[in-house]
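**Q** No sequence on hand, only this structure:
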DNA sequence: GAAAACGTCAACCATTTGGTTGAATATCAA
DNA sequence: TTGATATTCAACCAAATGGTTGACGTTTTC
């Protein structure tokens, strides 16, 4: 059996998929546009998007020949709740988040 | 290149490893005792503990012939910061966390 | 209608992952 | 010192993962 939590964490374990989520943070995007910055085939990106969709982290809606990808931040709640019990996190630190984001996108 | 974030998320993606973390939440444990409730070999658990250690989620200290395992919640901070930017989490909800924990341990 | 653009599917491949078993290494106890 | 306990190591295996390519079905544009 594969739980939702399994799927969310293993989806997040891949840097390409985290970068995709970071891109979708700014705006909804078509599959082709998501793929553009990556040095890999469109088919590979299509698979990554399928995994993110299965985990509930994004949703995809087809309009015409274009399939739009949209971030679904709610799916992170379950995982985040799990983590917070261990980490005893302080309140949301947006500066720290932004620093990580920049590092991720550059690296 | 494998980042710390990669390692933390992929460590958390496995239900056995999450269950181990949940056990260590209560107290430090020896490897043999960690392995006891699982239907798999001691060697397999030893590997899981190695992965958790590499991710920084636990530490291991050998005293005599016993190797003690200790939760290191700080490693979750990095990952949690990453997630919070997407999830816009509300404050720590311990009840929800406990519910997940019970579900994890029973399932 | 023909051609281009958007995206997925299927088959394939190399590597990683999660498990096994059996032998090996320490340490403690009798 | 002999034996039991605690843990890892090494070799192996099946299945999952992350990528490729080429063919395919739609939708749009010319």
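**A** Looks like it arrived, so ask away. These figures come from a predicted structure and were not determined experimentally.
**Q** quick one: contacts for residue A:57?
**A** A:8, A:11-12, A:21, A:71-72, A:75-76 (CB atoms under 8 Å, 6 or more residues apart in numbering or on different chains). Bear in mind the C-beta positions are built from the backbone N, C-alpha and C, glycine included.
**Q** residue ranges of the strands in chain A, please?
**A** In chain A, the strands defined using DSSP state E lie at A:29-30, A:58-63, A:66-71.
**Q** relative orientation of the second one and strand A:66-71 in degrees?
**A** Using axes from the mean of the first three to the mean of the last three CA atoms, to 10 degrees, the direction of strand A:58-63 lies 160 degrees away from that of strand A:66-71.
**Q** can you give me the offset of strand A:58-63 from its chain's centre?
**A** 14 Å (CA atoms, centre = their mean, to the nearest Å).
**Q** which residues of chain A score low on pLDDT?
**A** A:85-107 (pLDDT under 70).
**Q** What segments of it are helices?
**A** Ranges of helices within chain A are A:4-12, A:15-26, A:31-35, A:42-54, A:75-87, A:94-106, based on DSSP state H.
**Q** residues contacting the most centrally placed residue in chain A?
**A** Against the mean C-alpha coordinate of chain A, by CA atoms, centre = their mean, the closest residue is residue A:21 at 3.1 Å. By CB under 8 Å, 6+ apart, residue A:21 lies in contact with A:52, A:57-58, A:71, B:86.
**Q** Closest one to DNA strand D out of those, please.
**A** residue A:52 (10.5 Å; CB to the nearest atom of the strand).
**Q** Can you lay out the strands of chain A as JSON lines showing mean neighbour count and distance to residue A:41?
**A** Rendered in JSON lines, the data for the strands of chain A read as follows (neighbours: other CB atoms under 10 Å in any protein chain shown; distance: least, CB to CB, whole Å):
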{"stretch": "strand A:29-30", "mean neighbour count": "17", "distance to residue A:41": "16"}
{"stretch": "strand A:58-63", "mean neighbour count": "14", "distance to residue A:41": "18"}
{"stretch": "strand A:66-71", "mean neighbour count": "17", "distance to residue A:41": "16"}
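**Q** Any chance of the ones you listed in CSV with distance to residue B:38 as columns?
**A** Formatted as CSV, the strands of chain A follow (distance: least, CB to CB, whole Å):
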stretch, distance to residue B:38
strand A:29-30, 42
strand A:58-63, 33
strand A:66-71, 36
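**Q** Show me what from chain A comes close to DNA strand C.
**A** Neighbours of DNA strand C within chain A, by CB under 7 Å from any atom of the strand: A:30-33, A:42-43, A:46, A:49-50, A:60, A:65-68.
**Q** now, which of these sits nearest residue A:3?
**A** residue A:50 (18.2 Å; CB to CB).
**Q** For the residue lying closest to residue A:35 once chain neighbours are set aside, give me its contacts.
**A** Nearest in space to residue A:35, with sequence neighbours left out and distances taken as CB to CB, 6 or more residues apart in numbering or on different chains, is residue A:45 at 4.0 Å. Each residue near residue A:45 by CB under 8 Å, 6+ apart is listed here: A:16, A:20, A:31, A:34-35, A:38.
**Q** Next one: the closest residue to residue A:20 other than its chain neighbours from residue A:64, what distance?
**A** Using CB to CB, 6+ apart and skipping the chain neighbours, the partner closest in space to residue A:20 is residue A:34 (5.9 Å). Per CB to CB, to the nearest Å, residue A:34 is found 17 Å from residue A:64.
**Q** Sounds good, over and out.
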